[in-house]
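Undergrad: Sequence first, then the predicted structure:
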Amino acid sequence: MENLSHVDEKEQPTGDFLSANVHRRSFLKYAGAGAAGIALIAAGCKKDRSVRGVYLGDGDTAILNYAYALEQLEAAFYTQVVASPYSGISAMESSYFADIRDHEIAHREFFKAALGSSAITSLEVDFSSINFSSRDSVLATAKAFEDLGVSAYNGAGWLIKNVDYLAIAGKIVSVEARHAALIRDLISPGSFAGSDVVNQSTGLDISRSPTQVLAIAGTYIKTPINTDGLPTY
């Protein structure tokens, strides 16, 4: 796997960062631009307080750390899938999973760089309930993670105050939705937009609140997370 955190000093972003058409393997070359803006609210958000678990922060910083936590989970999962492929995996499926892994690592590292000193620590994950040697188990888990990720961004988007951050979240959730559609079709061709995730009358994806999402993700994230400052519905 290539080093996604490497930045070529000769390549500088041009034009509007948020409207740039960024190739997935060049994603982090633009992270510095996003980090500069996010740092404006991140500075000083860490407060001396006695809290239980990893504190996400307040306001937009909390939402960004919330997204960072979910990207850590997904990146760790796909890294394991690629490192220990299930029995009978095809070359095509291996390529798909490698691409998704690289996307999730890029998302994770973007949030880490953007949040700077306000980023939460690396979280401990537990995948002991997943059988990585089984195609069914891996695909079922991937489906659950991708569907959860899409619903998480959908549910947290309106809580973001800074429109620049909202634009970035919109770009990331569209990639997560592509992942979800692909995984669903690997399980059952033509199931990419099932009624369990897309409301057939409105044509809209479902959404979940951060509290709902973290309750589900908590099965795999072992590090306690303190959400006291996280905006809520």
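TA: Sure thing, it's come through.
Undergrad: Spatially central residue in this protein, please.
TA: Residue closest to the average C-alpha location in the chain (C-alpha atoms, centre = their mean): residue 71, at 3.1 Å.
Undergrad: Low-confidence stretches in this structure?
TA: In the predicted model, the chain carries pLDDT under 70 at residues 1-51, 233.
Undergrad: So which residues of the chain form strands?
TA: 54-55, 198-199, 204-205, 225-226 (DSSP state E).
Undergrad: who's in contact with the residue nearest to the centre of the chain?
TA: Contacts for residue 71 (C-beta atoms under 8 Å, 6 or more residues apart in numbering) come out as 104, 107-108, 111. To be clear about C-beta, it is placed using only N, CA and C from the backbone, and glycine gets the same treatment.
Undergrad: mind listing the helices for this protein?
TA: Using DSSP state H, the helices of the chain run over residues 31-42, 59-83, 91-115, 135-156, 163-187, 210-217.
Undergrad: List the buried residues of the third one.
TA: Within helix 91-115, the residues scored as buried using 16 or more other C-beta atoms under 10 Å are 93, 96-97, 99-115.
Undergrad: Quick one: list the elements packing against that helix.
TA: helix 31-42, helix 59-83, helix 163-187 (3 or more C-beta pairs under 8 Å, 6 or more residues apart in numbering; DSSP states H and E).
Undergrad: and of those helices, who's closest to residue 208?
TA: Shortest separation from residue 208 across the helices and strands packed on helix 91-115 is recorded for helix 59-83, at 11.2 Å, computed as C-beta to C-beta.
Undergrad: gap between the closest one and the chain center?
TA: 5 Å (C-alpha atoms, centre = their mean, to the nearest Å).
Undergrad: Enumerate every residue touching the closest residue to residue 126 other than its chain neighbours.
TA: Using C-beta to C-beta, 6 or more residues apart in numbering and skipping residues adjacent in sequence, the residue nearest residue 126 is residue 222, 4.9 Å away. Listed by C-beta under 8 Å, 6+ apart, the contact set of residue 222 reads 123-126.
Undergrad: Of the residues you listed, select the buried ones using a PyMOL command.
TA: A single PyMOL command selects the buried members of the contacts of residue 222 (16+ other C-beta under 10 Å):
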select buried, resi 123+125
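Undergrad: Would you reformat the contacts of residue 222 as CSV and include distance to residue 142?
TA: Below are the contacts of residue 222 laid out as CSV (distance: C-beta to C-beta, whole Å):
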residue, distance to residue 142
123, 19
124, 20
125, 15
126, 17
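Undergrad: nearest to residue 82, of the contacts of residue 222?
TA: Ranked by distance to residue 82 (C-beta to C-beta), the contacts of residue 222 are led by residue 125 at 15.5 Å.
Undergrad: Tally up the residues packed near the nearest residue to that closest one once chain neighbours are set aside, please.
TA: Excluding its sequence neighbours, the residue lying closest to residue 125 (C-beta to C-beta, 6+ apart) is residue 76, at 4.9 Å. For residue 76, the neighbour count with other C-beta atoms under 10 Å is 21.
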